[in-house]
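Chemist: Based on what follows, work out the 3D shape:
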Amino acid sequence: MKVCIAEKPSVAREIASVLGANTKRDGYFEGNGYAVTYTFGHLCTLCEPSDYKPHWKSWDLNNLPMLPEKFKVKVADDKGIKKQFNIVKGLFDKAEVVINCGDAGQEGELIQRWVLNEAKYKGKVQRLWISSLTTEAIKEGFENLKPAEDYDNLYYAGFSRSIGDWLLGINATRLYTVKHGGYKQVLSVGRVQTPTLAMLVSRYKEIENFVPQPYWELQTLYRDTLFSYEEGRFLKMEDGEKLANKVKEHEFEIVSINKKKGTEYAPKLFDLTGLQVYCNTKFGFSADDTLKIAQRLYEKKVVTYPRVDTTFLPNDIYPKVKGILSKLTDYSILTQPILNKKIKKSSKVFNDKKVTDHHAIIPTGMQTHLHPAEQQVYDIITKRFIAVFYDDCKVSNTTVIGKADDVNFKTTGKEILFKGWRVVFEKKDTSTALSVTKDAVLPSFTKGEKGPHEPSFLEKQTKPPKQYTEASLLRAMETAGKQVDDDELRDLMKENGIGRPSTRANIIETLFKRKYIKRNKKQILPTLTGIQLIDTIQNELLKSAELTGTWEKQLKDIEKGDISANVFIKGMKRMVDALVYEVRNEKVETRISAVKNKPTLQIKAKSSTNQVVGSACPKCKEGQLLKGKNAFGCNRYGKGCDFLLPFQFADKKISENQYLRLLSKGSTVNLKDLKLNGNSIEGLLRFDENFKLKLEPKQTTKRKVKAGDACPKCKTGIILKGKTAFGCSNYKTGCDFRASIN
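Modeler: Okay, the predicted model is just below:
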């Protein structure tokens, strides 16, 4: 009897159906000379510390480090699992050959090898290696069964990964929990999760500590097209002001028009990370949601194996492309134009060197009823597949240079000359993450033409980096924290990413479960506990995304047979030994508790950022503001600084919020019922040159204004034209001048 062992009951059922093993038994299917059984994922697991030495059960610093000489595996301690394991073992005892039908990847190989080893099976083993669960793929796989020995290195890599995670996870978690954990607070530390958390904490702190720097932009509006000063932004206001005053006295002239034809290629096929990034950005699905949906689509036979890290296809798929496209009848409007001619073959899609265990995620050609979320994911996988066989998109990139006096301005635009693959995405969503710059389509300009224009000189501020979303965090994990936008460069860096495509979603979910991170809409923020943990860990290697990326590279090298598993495991043991010695001898005692685990942004919003008290003195820049009986004042009052903010001004009580606005933006909003010379007026408060409060009455006189004029209110800004009103370019710093266009 031939015994096949799959990773899930549902997969076993599909294989049994193809093999003709149609009789259902307890824990397996039987028929036609086959028994098809299954695991439920991990039937076996690495032994616990207490399985090696009873006293290792105690969480005690004196027991660390725990470094077993030889790692052991056991059947998981669960009644249902033990029952299924005994059924599998009974079948193995009668088998003439065992066919390993586990998922075709590192984890799938590990799961089945552990079962084979624990069942003490010594007979012949063959390997089924398939990329989809269609009848055709399963039949083809059984016609081309491989010797199990071909996948030994894959198993060694998976075993090494598990041992590495055990060594660091168990030792470091106990080490930091005993040393720094508060009451009943377990501090979970891991080989991949800790560097991932460190990236989130680092980004959060970078944003918190970011100090905006002002800069100025000179632009002008000509024929409803915005031109920007060719040499970029100004770091000094006076440099830009000179040019701003200069250009408004002259007409705008078109100096040159340069059109350059270009090619835009179809977006790449999906690997798992790319699919997770897309679905998080477009549909709001978490990485874990997307993986589960992709796995269901695989089990429904409509897409290929999803846990992949390549965006390419092997050359032997090319002959099958026409057949797959022909079966996609729901997309016949899109497939007919390419089926009527020779199917395009591009090295940007087909490349044997870029494919290892599995190829990119593509549709199988089978179609079935899908739930709405499944349909969304299936639809974009299918459209990406169809699009790569369309012609390239042809564009014309236009750069126009204009000038006012001798000051040059530039604008760019794009014209699509031939849509090509873009037609695939036109109907429902033309913004389907195509990685294409959306430049404006420009009007037709003529060299030498002149006319009036509306210049503007705007003050802006540099912005901090954005908080991580799940999509950007996945990309950061893929490149070990390095900011990489180029697809080709990202492919080269994948070997040194944090975690595997199939495990990254689980790592992020683990951080949520540990309450180290929280969601704030699309943002992922570290909690107070998460920040405290990273701050407490002084060992930089433990937090290093780069080091974790190096480990991932070593695991891939084990898979390729370039290094031995022993080298990796010895390295992990050395690091754990050094880490335990270092932390045990730390003199700093901190205790971390998860009592208040709100997102850190909310915590800060309720703290000193909303108080005048503690703010820096705007006059001397050295002191801090204190609250007295009748006013806020500088703590250096009497030592050279006389700054005061009275609680009442012009017979009106001024709220703390208004003073906060004055300190941060240079003015309050317009306030009513202020008294001046016995009259009740409306106006705003500013500082004069000596940082004394002054009242600026609201402007009520109407005058005709036009874009480019000096602001009649603050005298320093320039009038800008909006949709319904004119406003001042200094609106961000407190000037609220507005005038209706009509």
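
Chemist: those helices in the stretch 101-250 of the chain, which residues are they?
Modeler: For the stretch 101-250 of the chain, applying DSSP state H, counting those that start in this stretch gives helices covering 106-118, 135-143, 152-180, 193-208, 237-247.

Chemist: tell me what the shortest one is packed against?
Modeler: So that's helix 135-143. Judged by 3 or more Cβ pairs under 8 Å, 6 or more residues apart in numbering; DSSP states H and E, helix 135-143 is in contact with helix 9-19. In short, each C-beta sits where N, CA and C put it, glycine included.

Chemist: Buried residues in the very next helix or strand once past the helix it packs on, which are they?
Modeler: Toward the C-terminal end, the helix or strand that comes next after helix 9-19 (DSSP states H and E) is strand 23-25. Judged by neighbour count (16 or more other Cβ atoms under 10 Å), strand 23-25 contains no buried residues.

Chemist: if we look at the very next helix or strand once past strand 23-25, which residues are touching it?
Modeler: For strand 23-25, the following helix or strand on the C-terminal side (DSSP H and E) is strand 28-31. Identification of contacts with strand 28-31 by Cβ atoms under 8 Å, 6 or more residues apart in numbering yields 12-13, 16, 19-23, 35-38, 87-88, 91.

Chemist: and what of stretch 237-253?
Modeler: The contact list for stretch 237-253 (Cβ under 8 Å, 6+ apart) reads 214, 216-218, 220, 222, 227, 229, 234, 402-405, 407, 409, 448-453, 455, 457, 459, 708, 718.

Chemist: ok, of the residues you listed, which come out buried?
Modeler: Buried, going by 16+ other Cβ under 10 Å: 216-218, 220, 222, 227, 229, 234, 402-404, 407, 409, 453, 455, 457, 459, 708, 718, out of the contacts of stretch 237-253.

Chemist: where along the stretch 351-500 of the chain do the helices fall?
Modeler: According to DSSP H, counting those that start in this stretch, the helices that the stretch 351-500 of the chain contains are 372-387, 470-478, 487-493.

Chemist: which residues sit against the second one?
Modeler: In this case it means helix 470-478. Counting by Cβ under 8 Å, 6+ apart, 196, 199-200, 273, 276-278, 280-281, 286-287, 466, 468, 482-484, 490, 493-494, 497-499, 504, 507-508, 522, 524, 545 sit against helix 470-478.

Chemist: Stretch 327-340 now?
Modeler: 322, 325-326, 344, 363, 365-367, 382-383, 386, 389-390, 423-424.

Chemist: which of the contacts of helix 470-478 are buried?
Modeler: Buried members of the contacts of helix 470-478, scored by 16+ other Cβ under 10 Å, are 196, 199-200, 273, 276-278, 280, 286-287, 468, 482, 484, 490, 494, 497-499, 504, 507-508, 524, 545.

Chemist: among those residues, which are in strands?
Modeler: residue 524 (DSSP state E).

Chemist: Residue 233 and residue 451, how far apart?
Modeler: Relative to residue 451, residue 233 is positioned 26 Å away (Cβ to Cβ, to the nearest Å).

Chemist: nope, residue 184 is what I meant
Modeler: For residue 184, the distance to residue 451 (Cβ to Cβ) stands at 74 Å.

Chemist: Same question for residue 543.
Modeler: Plainly put, residue 543 is 58 Å away from residue 451 if you go by Cβ to Cβ.

Chemist: list the buried ones in stretch 544-558?
Modeler: Residues of stretch 544-558 classed as buried by neighbour count (16+ other Cβ under 10 Å): 544-545, 547-549, 551-558.

Chemist: swap in stretch 261-273?
Modeler: By neighbour count on 16+ other Cβ under 10 Å, the buried set for stretch 261-273 is 264-273.

Chemist: pretty sure residue 154 contacts residue 106?
Modeler: Yes - in this structure, residue 154 is within contact of residue 106 by Cβ atoms under 8 Å, at 5.7 Å.

Chemist: residues bridging contact with the two, i.e. touching both?
Modeler: Counting by Cβ under 8 Å, 6+ apart, the common neighbours of residue 154 and residue 106 are residue 559.

Chemist: Of those two, give the one with the bigger neighbour count.
Modeler: More crowded of residue 154 and residue 106, by other Cβ atoms under 10 Å: residue 106, with 27 against 23.

Chemist: That one: what's it in contact with?
Modeler: 154, 157-158, 161, 500, 559.

Chemist: looking at those, which has the most residues close by?
Modeler: Sorting these by how many neighbours each has (other Cβ under 10 Å) puts residue 161 first, at 26 neighbours.

Chemist: Might you report the residue contacts of that residue?
Modeler: Residue 161 sits next to 106, 555 when contact means Cβ under 8 Å, 6+ apart.

Chemist: hmm, 6 Å instead?
Modeler: residue 555 (Cβ atoms under 6 Å, 6 or more residues apart in numbering).

Chemist: cool, residue 417 as well?
Modeler: Residues in contact with residue 417 (Cβ under 6 Å, 6+ apart) are 394, 396.

Chemist: Please report the distance of it from residue 266.
Modeler: Using Cβ to Cβ, residue 417 is found at 16 Å from residue 266.

Chemist: now residue 737
Modeler: Using Cβ to Cβ, we find residue 737 at a distance of 50 Å from residue 266.
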